[in-house]
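Novice: Any chance you could fold what I've pasted below:
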Amino acid sequence: MSKKHTSTFVLQRASAVVLIPLAIWFLISLIAHAGDSFVDMRVWLSKPTTSLPFAALIVIGAYHGRIGLEEVIVDYIQSWLKTVLIFLSWLVAAALMGVAVWSAYQLSFAG
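Specialist: Below is the predicted model of the structure:
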């Protein structure tokens, strides 16, 4: 097994471990705020103690998903399309990460 595959394996498992408490926090928060109005949810998300973990959930989730999708692409696509799809998976993950960080900044710090 090559070093790249081993590091990918470790990074995917590490991101999964980090996602567990973030996902639990998010689910508990959703249940606690069920029925809140849009304004109440915006106020809740505008706190840095809420927006930063939420952004981390999206960033780490996008990274974790990209790793998994790349593994599927490498395993099942055997043509020039593989390179294109891997690039697109990186592009979509980077866009999700950028939007998450930008949104957390806008909600918490830019008003």
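Novice: Check the secondary structure at the residue of the chain positioned farthest from its centre for me.
Specialist: Most distant residue from the mean C-alpha position of the chain: S79, 28.2 Å away (CA atoms, centre = their mean). The assignment at S79 comes out as coil when based on DSSP: H, G, I helix; E, B strand; the rest coil.
Novice: Read off the pLDDT value for it.
Specialist: S79 is assigned 91 on the pLDDT scale.
Novice: Same check on A110?
Specialist: 79.
Novice: and it, how far is that from M97?
Specialist: 18 Å (CB to CB, to the nearest Å). Every residue, glycine included, has its C-beta placed from N, CA and C.
Novice: any weak-confidence spans in this protein?
Specialist: The model of the chain has pLDDT under 70 over residues 1-4, 111.
Novice: sorry, back to before: residue contacts, the residue farthest from the centre of the chain?
Specialist: Applying CB atoms under 8 Å, 6 or more residues apart in numbering to S79 gives no contacts.
Novice: can you give me phi and psi for it?
Specialist: phi -130, psi -170 (degrees, to the nearest 10).
Novice: Of A110 and M97, which one has the most company?
Specialist: Comparing A110 with M97 by other CB atoms under 10 Å, the one with more neighbours is M97, at 18 against 8.
Novice: Is the more buried one in contact with G61, as I believe?
Specialist: No: the pair M97 and G61 fails to qualify as a contact (CB atoms under 8 Å) at a distance of 9.5 Å.
Novice: Can you give me every residue that contacts L45?
Specialist: Taking CB under 8 Å, 6+ apart as the criterion, L45 is in contact with S51, F54, L107.
Novice: Run a quick neighbour tally on the second one.
Specialist: By the other CB under 10 Å criterion, the neighbourhood of F54 contains 20 residues.
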